[in-house]
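# pasting the sequence and the predicted coordinates here, then a few questions.
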Amino acid sequence: MTVSIGRVGIWAPSFAWSTPDALTPDALEAVAELDELGFGALWLGASTPDLVLPGALLAATSRMTIATAIVNVWAAEADELAASFHRVDAAHPGRLLLGLGASHAPVVEALGRTYTQPLKHLEAYFDGLDAAPRPVPGASRVLAALRPKALELAARRTAGAHPYLVTPDHTRAARETLGDGPLLVPEQKVVLEPDRTEARRLARRNVSYYLALPNYVRNLQLMGFTDDDLTGEGSERLLDALYAFGVEQIVARVAEHHAAGADHVAVQVISADTDVRTRVGRPSRPQWRTLAAALL
């Protein structure tokens, strides 16, 4: 059985930017509040293969799923990750969703690995998870997938796909590729800053990080964006497509993803308190309360 994640979750990388033993009382209170607010899942920006962070967050909650989104498959052997999964799952049955991905060339090369044939590497990694002494069930894992071949792999070897930095049009195309059945969980960036100029500045600061990563740039090009859209801090057209500004637009954008075939939308708050470039941030608790009132 696929792990239960509901219709809307929160994508919050700030938890992954500190080590589990450095989780502050505020952070633990924040994840407990997310649980109480009713979100179906918390999606972490990343997790180390020991899965200590997801375990700590699961221990601070009682209901919702914690999804790793993403464990870098170049960073650990499959049987080691499988052992970690079963250790955490045994303590919190059915509440851990293992998000996996091939990451990006600069990240992998920083690990001292050669980033080559990522789809082939992913396929072999799934073979390893299946062959581990205690395999990770396909229903307990999802793949960070963007383009058709990766989406097809997600449909064959996992519960479904978790596309990042996408639009409802991408969600529609992804559903066509996946077909009926597999989970489709797009991430959606939102800005609740009331000042329009500041809101767009925050979005530009955020998107500039992703425009330096070739995988995202190539996918955005396939989605119809031009070099003019993808240089510097991005065009106005790009910002309007990737970010939802204000409660009314956020509600409409999440509904667009659902109408396009998404099973669950992972909403990420972009604010002055969180900067992906420096990996500094704190939980967006006031914004999460606003989103819960509007979306749940």
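Good, I have the coordinates.

# residue 27 - that's part of a helix, no?
Yes. When DSSP: H, G, I helix; E, B strand; the rest coil is applied, residue 27 is found to be in a helix.

# next up, the contacts around it.
14-15, 18, 282-283 (C-beta atoms under 8 Å, 6 or more residues apart in numbering). No exception for glycine: its C-beta is placed from N, CA and C like everyone else's.

# repeat that for residue 11.
Residue 11 neighbours (C-beta under 8 Å, 6+ apart): 43, 45, 69, 187, 266-268.

# what pairs with it across the strands?
Judged by DSSP bridges, the bridge partners of residue 11 are residue 43.

# distance-wise, check it relative to residue 76.
22 Å (C-beta to C-beta, to the nearest Å).

# go on, residue 102?
13 Å.

# more crowded one of these two?
Remark: of residue 102 and residue 76, residue 102 carries more neighbours, 24 against 16, as counted by other C-beta atoms under 10 Å.

# picking that back up, most neighbours out of the contacts of residue 11, which is it?
residue 43 (30 neighbours).

# verify the stated contact: it with residue 8.
No. Taking contacts as C-beta atoms under 8 Å, residue 43 lies outside contact range of residue 8: 11.0 Å.

# helices of the chain, start to end?
Assigned by DSSP state H, the helices in the chain fall at 25-37, 52-59, 78-91, 105-110, 118-131, 148-157, 168-178, 196-210, 214-222, 227-230, 236-242, 246-259, 285-295.

# most neighbours per residue, which of the ones you listed?
With neighbours taken as mean count of other C-beta atoms under 10 Å, the helices of the chain reach their highest mean count in helix 52-59, at a mean of 22.

# name the helices or strands packed onto that helix?
The contact analysis (3 or more C-beta pairs under 8 Å, 6 or more residues apart in numbering; DSSP states H and E) places helix 52-59 against strand 65-67, helix 78-91.

# could the ones you listed go into CSV alongside distance to residue 194?
Formatted as CSV, the helices and strands packed on helix 52-59 follow (distance: least, C-beta to C-beta, whole Å):
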stretch, distance to residue 194
strand 65-67, 30
helix 78-91, 39
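
# just send these back as a markdown table, with distance to residue 296 and mean pLDDT too.
Output for the helices and strands packed on helix 52-59, formatted as a markdown table (distance: least, C-beta to C-beta, whole Å; pLDDT from 0 to 100):
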| stretch | distance to residue 296 | mean pLDDT |
| --- | --- | --- |
| strand 65-67 | 15 | 97 |
| helix 78-91 | 26 | 97 |
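
# for residue 159, which of these is the nearest?
With C-beta to C-beta as the measure, strand 65-67 is the member of the helices and strands packed on helix 52-59 nearest residue 159 (10.6 Å).

# sheet-wise, list the partners of the closest one with their directions.
Going by DSSP bridges, the partners of strand 65-67 are strand 41-43 (parallel), strand 96-101 (parallel).

# residue 47 touches residue 71, doesn't it?
Yes. Between residue 47 and residue 71 there is a contact under C-beta under 8 Å: 5.4 Å.

# quickly, which of the helices of the chain bottoms out on average pLDDT?
Among the helices of the chain, helix 105-110 has the lowest mean pLDDT, at a mean of 65.

# got the contact list for the nearest residue to residue 157 once chain neighbours are set aside?
Counting by C-beta to C-beta, 6 or more residues apart in numbering, residue 126 is the residue found nearest to residue 157 once chain neighbours are left out, at 4.4 Å. By C-beta under 8 Å, 6+ apart, residue 126 lies in contact with 78, 157-158.

# mind checking pLDDT for residue 102?
pLDDT, residue 102: 87.

# what's the distance between the closest residue to it other than its chain neighbours and residue 211?
Residue nearest to residue 102 in three dimensions, not counting chain neighbours: residue 118, with 3.7 Å by C-beta to C-beta, 6+ apart. Using C-beta to C-beta, we find residue 118 at a distance of 20 Å from residue 211.
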